[in-house]
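Peer 1: pasting the sequence and the predicted coordinates here, then a few questions.
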Amino acid sequence: MARTNAAQTRQKPEKSELLTLRVRERRRLSPSFARVTVVGDDLERFSPQGRDQWFRLFLPVSEGSLSRLPNRLDTLAYFRYLAIAKTERPVLRNYTVAGFRPSGEHGPELDIDFVLHGSADEGTAGPAATWAETCRPGDAVAILDEGILFTPAAGLTGPYALVGDETALPAISGILASLPADATGTAMIEVPDAGDVRDLVAPAGVEVRWVVRVDPRETPGTSVRDAAIAEAAETPAYAWVAGEQSLVAAMRRQWVRVGVDKRAISFTGYWRAPRGH
């Protein structure tokens, strides 16, 4: 099962340190997405790189629990993190920069988009989605920058192929906005609801295609996988896929089969659907 080739493609930040921030606001973007904007003096030390820049997100579970976190997350520090009692250990998840403004109303501002699965009120949502639905202005949170995975050769204009389920939407949005104006290719994004379709900034030569999941019982990523394989018109010079593990594995196999250089494929499994889903 393909997971990620981050070790080969990742472009690390020059400096990464724990940044403690606070919530400025949260709002519902669409039926399946919420956006939380965070601020704080520590964001002065954040270096936006665009593309699919991602970070470790630490959510507090109790008063002061963020104070126990390491300043960086190497192997030893990660084991120390795991050694913290579950009742005191902040929740750790990976997220993509959905937006960054160096000069917002309250100083630098960072947007984080969350896919909302389940219901916080009914207790069926995961910890990150629950936090995104219930956090309040002033609530503390911490991030640790991890850099970017979308690393095509310098000067490459395409054709690009970008494929992802809803969890990859923020990353694809960032990649599209970072491509050169003369870039070509396609971006295919699966979302759970037609109301989740949004306008994205993209070069004129890159076609953005939305795939709305019709059957809510279907494993996310299945529809966009089938569409991407069936509709592919040209072999990409650089390919990128992220989302549910089976989607990632299938697209990587397909691209290798049609002759894409393995070094020109960036693939990351963000999550795995339960067996039998």
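Peer 2: Received, thanks. Nothing here was measured: the structure is a model prediction, and the numbers come from that model. Residues are numbered from 1 along each chain as shown.
Peer 1: so, low pLDDT: which residues of the chain?
Peer 2: 1-3, 6-9, 120-121, 123-124, 276-277 (pLDDT under 70).
Peer 1: which other helices and strands contact the longest helix along it?
Peer 2: For the chain, the helix with the greatest residue count under DSSP state H is helix 245-257. Using 3 or more CB pairs under 8 Å, 6 or more residues apart in numbering; DSSP states H and E, the elements in contact with helix 245-257 are strand 160-164, helix 222-231, strand 238-244, strand 265-271. Placement of C-beta: from N, CA and C, glycine included.
Peer 1: quick check: residue 177 touching residue 201?
Peer 2: Yes - assessed by CB atoms under 8 Å, residue 177 is found in contact with residue 201 at 4.5 Å.
Peer 1: what's the burial count for the closest residue in space to residue 273 that isn't next to it in sequence?
Peer 2: Distance criterion CB to CB, 6 or more residues apart in numbering; nearest residue to residue 273, sequence neighbours excluded, is residue 219 at 4.8 Å. Residues within reach of residue 219, counting by other CB atoms under 10 Å, total 18.
Peer 1: any idea how far residue 90 is from residue 219?
Peer 2: Distance of residue 219 to residue 90, computed by CB to CB, to the nearest Å: 30 Å.
Peer 1: got the contact list for residue 261?
Peer 2: By CB atoms under 8 Å, 6 or more residues apart in numbering, no residues touch residue 261.
Peer 1: next one: phi and psi at it?
Peer 2: Taking degrees, to the nearest 10, you get phi -60, psi 130 for the backbone angles of residue 261.
Peer 1: ok, residue 190 next?
Peer 2: According to degrees, to the nearest 10, residue 190 has phi -100, psi 130.
Peer 1: helix or strand: which one has residue 143?
Peer 2: Assigned by DSSP states H and E, residue 143 belongs to strand 140-147.
Peer 1: partner strands of that strand, with direction?
Peer 2: strand 19-30 (antiparallel), strand 54-59 (antiparallel) (DSSP bridges).
Peer 1: ok, residues contacting the longest one?
Peer 2: The reference is to strand 19-30. Outside strand 19-30, the residues touching it (CB under 8 Å, 6+ apart) are 34-40, 42-43, 45-46, 66, 106, 109-110, 113, 132-133, 135-145, 193, 195-196, 198.
Peer 1: ok, the last one next?
Peer 2: The contact list for strand 54-59, computed with CB under 8 Å, 6+ apart, reads 18, 66, 69, 73, 90-97, 112, 127-128, 131, 141-149, 171.
Peer 1: enumerate every residue touching the nearest residue to residue 191 once chain neighbours are set aside.
Peer 2: In space, and not counting its chain neighbours, residue 191 is closest to residue 166: 5.0 Å by CB to CB, 6+ apart. When contacts are counted by CB under 8 Å, 6+ apart, residue 166 touches 32-33, 115, 189-192, 196, 220, 243.
Peer 1: residue closest to the middle of this protein?
Peer 2: residue 96 (3.8 Å; CA atoms, centre = their mean).
Peer 1: what are the bridge partners for that one, then?
Peer 2: Residues in a beta bridge with residue 96, per DSSP bridges, are residue 54.
Peer 1: pretty sure it is touching residue 171, no?
Peer 2: Yes - counting by CB under 8 Å, residue 171 is a contact partner of residue 96 at 4.5 Å.
Peer 1: hey, what's in contact with both of these two?
Peer 2: 52, 54.
Peer 1: quick revisit: out of the contacts of residue 166, which one sits closest to residue 209?
Peer 2: Distances from residue 209 to the contacts of residue 166, taken as CB to CB, are shortest for residue 189 (7.4 Å).
Peer 1: and the host helix or strand of that closest one with helix 222-231, angle?
Peer 2: Assigned by DSSP H and E, residue 189 belongs to strand 184-191. With axes from the mean of the first three to the mean of the last three CA atoms, to 10 degrees applied, the angle from strand 184-191 to helix 222-231 works out at 150 degrees.
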